Structures are given as C-alpha cells and as structure tokens.
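**Student:** Pasting a predicted model and its sequence here:
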Amino acid sequence: MLAPFTAGWQSTDVHPLVIDRSEGSYVYDIDGKKYLDSLAGLWCTALGGNEARLVKAATEQFNKLPFYHSFWNRTTKPSLDLAKDMLSMFTAREMGKVFFTNSGSEANDSQVKLVWYYNNALGKPQKKKFIARSKSYHGSTLISASLSGLPALHQKFDLPAPFVLHTDCPHYWRFHLPGETEEEFATRLANNLENLILKEGPETIAAFIAEPVMGAGGVIPPPKTYFEKIQAIVKKYDILFIADEVITAFGRLGTMFGCDMYNIKPDLVSVAKALSSAYVPIGATLVSPEISEVIHSQSNKLGSFAHGFTYSGHPVACAVAIEALKIYRERNIPDHVKQISPRFQDGIKAFAGSPIVGEIRGLGFILGTEFADNKSPNDPFPAEWGVGTIFGAECQKRGMLVRVAGDNIMMSPPLTMTSDEVEELVSIYSEALKTTEEKVAELKSKNN
C-alpha cells in the first residue's frame with residue numbers, strides 16, 4: 001500500500017513494523033514482541049489500548065444504530081449528546097455550536113470554510129487570508145497542509161495555497177537573539193505578526209491559527225507571555241483566533257484543554273485524536289456563539305449550510321467519544337497527568353547534559369528531544385548520520401516506540417500511563433541515549 005508519511009511503497013518485502021494488538025500503554029507486533037508506546041499511536045490513544053468501556057460503547061451502538069447521517073434536519077441522539085457534552089467541557093470561554101468531522105485535518109479544513117462563510121455573511125468578502133506559523137502542523141488535506149508550516153507537506157504538492165501566510169515559529173531556544181529573554185522574544189514575534197498584518201492589509205486577514213503547544217513541529221511550548229501578546233494583536237485588527245487543540249485537548253498538558261493552560265480565548269477550536277481516544281475516527285470544530293449565529297442566519301437566507309461529510313457525527317464515533325469524555329471527567333485524567341508527568345518530564349530532562357542533546361522541552365505528557373552538537377541550534381549533526389534514527393532504532397530494539405523526525409524525538413504517551421511505566425520509559429530512554437552517544441562518538445572519530 002501507499003502508506004502515509006512513508007518513503008516508497010509499504011509492503012511485506014520492506015518489513016514494516018506490523019502492530020497486531022494493544023493493551024494499556026503497550027502494543028504488540030505480529031511476532032508477539034511488546035513495545036511501550038511512548039507516542040500513544042499518533043498522539044491520540046489517550047486512554048491506552050483495550051479500554052473496555054469504549055469497546056462496549058461502540059458495540060452497543062453498532063447493535064442499535066450503526067449509521068445514520070446528520071443532513072437535512074435529520075441526526076442521531078449520540079451526535080446531539082456529544083455536542084452538548086463538548087460545549088459544557090470547554091470552559092476557556094463560551095462556545096455556541098459543534099460541527100463534526102472525521103479527523104483533525106478535516107476540522108482545520110472546515111475552519112477555513114466556516115470563517116469565509118462568516119465573513120461573507122458580514123459583508124467582508126475581502127477577508128480571505130489565514131496566518132499560521134512556521135513549523136506548525138494542522139493536517140495534510142489541501143487546505144490544512146497549506147496551513148501547516150512544515151516544508152515537507154508542501155514540496156511537490158504545489159502548496160501552500162496563496163491565501164495562507166506564515167509567521168515566526170515561537171521556538172525560543174532556536175530563534176532567540178543573544179541576550180533576549182523569553183518575554184522579549186515573545187514581544188518581537190508579536191511585533192513581527194503585526195507588521196505582517198499591516199503589510200498584507202488587516203482588511204484582508206481572516207484568521208490566525210495556532211496549536212497551544214506545537215506538536216509535529218518538534219514539541220514547542222510557547223515562550224512566556226506569547227499568547228497574551230498574540231491575542232492582543234489579532235483582536236486589535238478584527239482577526240479571528242483558531243485554537244488547534246487536536247493534540248492538546250482532553251488532558252495532555254495537565255488541563256482539560258490547552259486553552260486553559262495559556263489563557264487563550266479562541267473564536268474557534270479544532271479537536272480530534274483524544275476525542276475518542278482514537279478508537280474510531282472523529283474530529284470536531286467548536287464555534288463561538290457570535291460566529292454560529294451569523295452562520296445560522298446566513299444558512300437560512302441561502303436555504304442550507306452546504307458543508308458536511310457523510311460521516312459527520314457518525315453515531316458509533318459519537319457514542320465512543322461520549323464515553324471517553326465521561327472517563328476523562330470521572331477519572332480526572334488532567335489531574336492524573338499533573339501528578340504523574342513531573343517524573344516523566346524531570347526523568348527525561350535529567351539527560352539534558354548529554355553531549356549530543358541540544359534541548360529537551362515539554363510539559364504534561366508531551367515532550368521533545370532535539371539532538372545537536374555543542375548544545376547549539378546552529379550546530380546540527382550531519383543529516384546523513386541519522387542521529388534521531390539511531391536513537392529511535394535503539395529504543396525500538398529495547399521495546400519502546402518513539403516518534404522520529406530528523407533529529408527530533410517526540411513522546412506523547414497515553415494519559416493513563418502509570419508511575420511504573422514512566423520509570424520503564426525513562427530507563428529505556430537512558431539506555432538508548434547512551435548507545436546513541438557512543439555511535440555519534442564513532443561517527444565523529446571517523447569524520448575527523
């Protein structure tokens with residue numbers, strides 16, 4: 001098959017790792033080997049494998065109503081109930097309506113159409129441009145890949161689309177000036193954003209989109225005061241703020257939403273992944289009352305809101321998501337993350353002194369390690385050395401899966417991970433790092 005984000009064809013001839021089953025924080029390949037899944041699949045199996053309540057919710061809904069759509073004033077009770085639950089859970093500000101999708105990519109794709117529809121209804125058709133950030137990830141559909149600030153998503157796809165602009169990546173370690181504090185760095189980035197808006201014309205800018213913590217771009221938490229300053233700029237110029245919570249929602253940072261952590265008051269929010277703990281595909285956009293009322297009025301004038309998907313609000317997906325949200329509340333998953341994550345963060349950050357580690361960054365249950373020589377973002381290891389790949393292979397050899405992206409290593413474990421599992425994770429990381437250090441030393445010796 002043609003596999004996503006994989007070089008060439010995926011087949012048995014190239015011996016891919018074939019995962020057969022899961023249990024808690026572990027997955028097993030077809031040969032029975034056990035792996036600690038430090039990335040929760042793709043940042044998404046928040047409740048781990050084989051959560052019986054989610055399996056039961058899916059089974060019961062399959063037996064009752066396996067499918068019905070939500071078109072033409074018809075819908076299902078699970079979709080209505082889930083929308084109500086989500087609106088009550090999001091407390092950073094009041095939200096008005098929920099629109100269901102099948103993924104985070106579709107959610108962010110839909111945000112663009114919602115914003116255009118809204119501005120057209122207000123008589124502002126010139127407000128078409130979106131500002132995202134370099135190194136951001138918002139999906140891989142035509143529009144969401146355009147929003148993403150990762151070059152690999154654009155190369156040979158004729159992207160990004162011309163209505164998408166990119167502003168600075170808020171990575172302090174990599175981009176701060178000598179002597180510049182985090183607050184000063186944040187001020188400079190906010191000023192750069194304002195200058196971009198003024199250059200393009202505020203009347204042409206529709207929205208700004210940001211992940212509370214950048215995920216696939218390398219796990220990049222924002223510098224101090226960043227979102228406070230960014231929100232002030234977009235509000236000043238009547239630009240909507242879209243919070244991409246696809247990775248951060250439902251407890252990953254130790255708060256129910258990333259917006260809670262950084263006091264973000266968004267106009268629209270995208271969620272997916274942990275919404276169903278990835279047991280079934282589902283995503284959603286949360287829309288503010290101000291925007292949803294305008295969309296409602298406009299759709300009445302036009303006869304319908306002509307956007308949606310066959311599987312929007314799929315009853316099985318919604319039933320599973322309802323149960324997942326119950327578990328997050330009943331087990332107080334954000335509080336569990338607050339209690340367990342310090343050992344995860346401190347345990348890994350203890351290796352920041354390694355000669356091959358440039359920076360270790362993260363919070364809650366999300367963390368990134370960036371390899372670099374001389375502790376400097378300006379001294380990357382030669383790409384052909386594949387330092388990140390070496391480390392990932394050493395982890396896998398020892399029974400742990402990590403996300404490798406160049407010389408960035410990303411971890412985002414199930415939110416249910418126990419203290420003992422964290423200790424195992426730290427131990428494997430330590431062993432893999434030691435071996436990687438030795439191999440890098442050998443490479444240096446050969447190339448001197």
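**Tutor:** Structure's in. What do you need?
**Student:** I figured residue 365 hits residue 421, correct?
**Tutor:** No: contact criterion C-beta atoms under 8 Å: residue 365 and residue 421 do not qualify, at 11.4 Å. No exception for glycine: its C-beta is placed from N, CA and C like everyone else's.
**Student:** Need the residues touching each of these two.
**Tutor:** Common neighbours of residue 365 and residue 421, counting by C-beta atoms under 8 Å, 6 or more residues apart in numbering, are residue 413.
**Student:** quick one, which of those two is more surrounded?
**Tutor:** Between residue 365 and residue 421, counted using other C-beta atoms under 10 Å, the more crowded position is residue 365 (29 against 21).
**Student:** phi, psi of the more buried one?
**Tutor:** phi -110, psi 50 (degrees, to the nearest 10).
**Student:** residue contacts, it?
**Tutor:** If you count contacts by C-beta under 8 Å, 6+ apart, residue 365 has them with 251, 252, 253, 254, 337, 340, 341, 344, 412, 413, 415, 417.
**Student:** Report the residue spans of the protein with pLDDT below the cut-off.
**Tutor:** Scanning the chain with the threshold set as pLDDT under 70 gives 8-14.
**Student:** All the helices of it, residue numbers only.
**Tutor:** 40-43, 52-64, 77-89, 104-121, 142-147, 172-175, 182-200, 226-236, 258-262, 289-302, 315-330, 333-349, 387-397, 419-447 (DSSP state H).
**Student:** Which of the contacts of residue 365 ranks first by neighbour count?
**Tutor:** If you count neighbours using other C-beta under 10 Å, the busiest of the contacts of residue 365 is residue 252, which has 32 neighbours.
**Student:** so how far does stretch 394-412 reach from one end to the other?
**Tutor:** Terminal residues of stretch 394-412 lie 18 Å apart, using C-alpha to C-alpha, to the nearest Å.
**Student:** So what's the gap between that stretch and the chain middle?
**Tutor:** Centroid displacement of stretch 394-412 relative to its chain, using C-alpha atoms, centre = their mean, to the nearest Å, is 17 Å.
**Student:** quick revisit: which one, of the helices of the chain, ends up nearest to residue 136?
**Tutor:** Residue 136 lies closest to helix 142-147 among those, at 7.2 Å (C-beta to C-beta).
**Student:** Just name whatever secondary elements the closest one is in contact with.
**Tutor:** Secondary-structure packing of helix 142-147 (3 or more C-beta pairs under 8 Å, 6 or more residues apart in numbering; DSSP states H and E): helix 104-121.
**Student:** Show me which positions of the helix it packs on end up buried.
**Tutor:** Within helix 104-121, the residues scored as buried using 16 or more other C-beta atoms under 10 Å are 104-112, 114-119, 121.
**Student:** One more: stretch 156-172?
**Tutor:** Neighbour counts using 16+ other C-beta under 10 Å place 159, 160, 164, 165, 166, 167, 168, 169, 170, 171, 172 of stretch 156-172 among the buried residues.
**Student:** thought residue 247 was touching residue 366?
**Tutor:** Yes: with contact defined as C-beta under 8 Å, residue 247 and residue 366 form a contacting pair (7.2 Å).
**Student:** Give me the common contacts of those two.
**Tutor:** Any residue near both residue 247 and residue 366 by C-beta under 8 Å, 6+ apart counts here, and that gives 43, 213, 215, 412.
**Student:** Just among the residues you listed, which is most surrounded?
**Tutor:** Counting neighbours by other C-beta under 10 Å, the top entry in the shared contacts of residue 247 and residue 366 is residue 412, with 29 neighbours.
**Student:** Now for it: which residues touch it?
**Tutor:** By C-beta under 8 Å, 6+ apart, the residues touching residue 412 are 38, 39, 40, 43, 215, 219, 247, 252, 365, 366, 367, 403.
**Student:** Hmm, the last one is touching residue 413, no?
**Tutor:** Pointing back at residue 403 there. No: using C-beta under 8 Å, residue 403 is not in contact with residue 413, being 11.1 Å away.
**Student:** List the residues that contact the nearest residue to residue 322 once chain neighbours are set aside.
**Tutor:** Spatial nearest neighbour of residue 322, excluding adjacent residues (C-beta to C-beta, 6 or more residues apart in numbering): residue 82 at 5.1 Å. By C-beta under 8 Å, 6+ apart, residue 82 lies in contact with 98, 100, 313, 318, 321, 322, 325.
**Student:** Filter these down to just the buried residues.
**Tutor:** So, by 16+ other C-beta under 10 Å, the buried ones in the contacts of residue 82 are 98, 100, 313, 318, 321, 322, 325.
**Student:** distance of residue 85 from residue 428?
**Tutor:** From residue 85 over to residue 428 the distance is 37 Å, taken as C-beta to C-beta, to the nearest Å.
**Student:** sorry, that was for residue 381
**Tutor:** Distance, residue 381 to residue 428, by C-beta to C-beta: 22 Å.
**Student:** hang on, the earlier thing: ok, residue 85 and residue 428, which is more surrounded?
**Tutor:** residue 428 (21 against 18).
**Student:** All set, thanks.
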